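# got a sequence here, can you build the structure:
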Amino acid sequence: MSDSKIKVVVIGYGHIGKRHKAVIEASGFFDLAALVDPHHVTRPENLSEAASFFTSIEDFFAANICAQLAVIATPNGLHSEQIKLCLEHGLDVVAEKPMVLSSHALLAHQQQAQNKGLNLFPVVQNRYAKISQWLQQMLQKELLGKIYILQINCLWNRDERYYQKDSWHGDLKLDGGSLYTQFLHFIDMLYWLFGKPMVKNAELLDFNHQNLSQFEDSGVIQFDFNDGIAKDALATMTFSTAAWGKNAESTLTIIAEKGSVKIGGQYMEKLLYAIGSGLPGQEDLEVALSEDPYKEKFGAAAGHYKFWEELEKSYKGEAAELPTVQEAAEVISLIEQVYNYRCPN
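Residues are numbered from 1 along each chain as shown. Coordinates of the predicted model:
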């Protein structure tokens, strides 16, 4: 591909859309051509004069703005139709998690993209955290031996400050549920590190969100791995948005044949302990994993900056560390399996 910049349109200018915009503007390879958001009736003040602004995706396409790539950062339930439109107009697509709310729809979009010679790119930026990379490499080397127990705890707070009236948050068709909006990253981490499991059982509960959302606020999932290092492991995930006041916990615990590891923090970016016959000492490991120049420079946005660097490599024809649509579809299929346990209304 030529050295000319890739023109990008960002669709959706909420919290994550703003993050993508900032990364694109800081890039020397991508160029922000346009921004689309129906909730900004006037042009955002911090939008450069070189970028066009539209309040609808239809107006953007009608204007025939030159662009090669669309970033979709809108409410979950809108993604599928917007991906379809962007592909029909010849754009590659980056879609924030969840790419769509249906694994079958996502695979159909992938087929549409392939038929047109276009690309779909999922975003699961937590894979780029230094501790995630270390954990994957350690597991690939089988330094812990056979996995006995995997336990994920995501105990968060999402109350009336989040589920506000007239917001898409909490709407079943637009939001889909907390496993899509809050906790997909943690299911992706399980999938990425240990391979694809099946959902063996799930229990879904609603403790205090009856007047806030159209779906459960908590659940317990039991996963079953049929092969790989986690074959026959006891693998569970407890999730909730019912914690009082603020997030209480985000942890992944591994109990294995040759050691035990626990990571935590909202983005699972902190080493809580690591002991094992084939592992460095705890203090040395903590120091090594804390030295993350991306995190120091970009904070919570570090994973998105790394994603865009990998995306640039892909456009240049270089080897790139990017998740695949097939992986994204398989993670979504796991969430679908869990939500099959929802009680009918």
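
# burial count for the closest residue to Glu312 other than its chain neighbours?
Setting aside the residues directly before and after it, Glu312 is nearest to Phe29 in space (Cβ to Cβ, 6 or more residues apart in numbering), at 4.6 Å. In short, each C-beta sits where N, CA and C put it, glycine included. Phe29: 16 surrounding residues under other Cβ atoms under 10 Å.

# which ones are touching Phe29?
Counting by Cβ atoms under 8 Å, 6 or more residues apart in numbering, Phe29 makes contact with 5-6, 312, 315.

# change it to 7 Å
By Cβ atoms under 7 Å, 6 or more residues apart in numbering, Phe29 lies in contact with 5-6, 312.

# of these, buried ones?
In the contacts of Phe29, burial by neighbour count holds for 6, 312, counting by 16 or more other Cβ atoms under 10 Å.

# now render the contacts of Phe29 as a markdown table, adding distance to Glu283 and secondary structure.
Formatted as a markdown table, the contacts of Phe29 follow (distance: Cβ to Cβ, whole Å; DSSP: H, G, I helix; E, B strand; the rest coil):
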| residue | distance to Glu283 | secondary structure |
| --- | --- | --- |
| Lys5 | 45 | coil |
| Ile6 | 44 | strand |
| Glu312 | 36 | helix |
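
# of the contacts of Phe29, which is the nearest to Gln164?
Set against Gln164, the nearest of those by Cβ to Cβ is Ile6 (35.7 Å).

# beta partners for that closest one?
Applying DSSP bridges to Ile6 gives these bridge partners: Phe30.

# that one reaches Ala67, doesn't it?
No. Using Cβ atoms under 7 Å, Ile6 is not in contact with Ala67; the gap is 8.7 Å.

# residue contacts, the spatially most central residue of the chain?
Centroid check for the chain by Cα atoms, centre = their mean gives Val124 as the closest residue, at 3.6 Å. The contact partners of Val124, by Cβ under 7 Å, 6+ apart, come to 97, 185, 188, 323.

# same check, this time on Leu252
So Leu252 contacts 152, 189, 263, 268 (Cβ under 7 Å, 6+ apart).

# helix, strand or coil for it?
Counting by DSSP: H, G, I helix; E, B strand; the rest coil, the backbone at Leu252 sits in strand.

# closest one of the contacts of Val124 to Leu144?
The nearest member of the contacts of Val124 to Leu144, counting by Cβ to Cβ, is Asp188 at 20.3 Å.

# now do the buried residues in the helix or strand hosting the closest one.
Secondary structure assignment for Asp188, by DSSP states H and E: helix 184-194. For helix 184-194, burial by neighbour count (16+ other Cβ under 10 Å) applies to 184-194.

# tell me which other helices or strands it touches.
Under the contact criterion of 3 or more Cβ pairs under 7 Å, 6 or more residues apart in numbering; DSSP states H and E, helix 184-194 touches helix 130-140, strand 147-155, helix 325-339.

# which residues touch it?
The contact list for helix 184-194, computed with Cβ under 7 Å, 6+ apart, reads 97-98, 124, 126-127, 132, 135-136, 139, 150, 152, 154, 179, 223, 225, 228-230, 237, 252, 268, 330-331, 334-335.

# of the residues you listed, just the buried ones, PyMOL syntax please.
To isolate the buried ones among the contacts of helix 184-194 in PyMOL, judged by 16+ other Cβ under 10 Å, type:
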select buried, resi 97+98+124+126+127+132+135+139+150+152+154+179+223+225+229+230+237+252+268+330+331+334+335
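
# residue boundaries of the strands in this protein?
Secondary structure of the chain (DSSP state E): strands at 6-11, 30-36, 52-54, 69-72, 92-95, 120-122, 147-155, 198-205, 218-224, 234-240, 249-256, 259-264, 270-276.

# which among those strands is found nearest to Asn46?
So among the strands of the chain, strand 30-36 is nearest, using Cβ to Cβ, at 10.3 Å.

# and the lowest-mean-pLDDT helix or strand in the chain, what does it pack against?
The weakest-scoring helix or strand in the chain, judged by mean pLDDT, DSSP states H and E, is helix 293-298 (a mean of 77). Helix 293-298 sits against helix 302-315, with contacts defined as 3+ Cβ pairs under 7 Å, 6+ apart.

# how many residues are close by Trp319?
Just to correct that, residue 319 is Ala rather than Trp. Neighbour count of Ala319, defined by other Cβ under 10 Å: 8.

# excluding sequence neighbours, find me the nearest residue to Glu142.
Leaving out its chain neighbours, the residue that sits closest to Glu142 by Cβ to Cβ, 6+ apart is Ile229, at 6.1 Å.

# from Asn157, how far off is Leu212?
As for Leu212, its distance to Asn157 is 12 Å (criterion: Cβ to Cβ, to the nearest Å).

# neighbour count for these two, which is higher?
A direct count of neighbours by other Cβ under 10 Å for Leu212 and Asn157 places Leu212 higher, at 20 against 15.

# tell me if I'm right that that one and His169 touch.
No. Applying Cβ under 7 Å, one finds Leu212 not in contact with His169, separated by 8.8 Å.

# residues shared between the contacts of those two?
Common neighbours of Leu212 and His169, using Cβ under 7 Å, 6+ apart, are Tyr163.

# who's in contact with Tyr162?
For Tyr162, the contact set (Cβ under 7 Å, 6+ apart) comprises His169.
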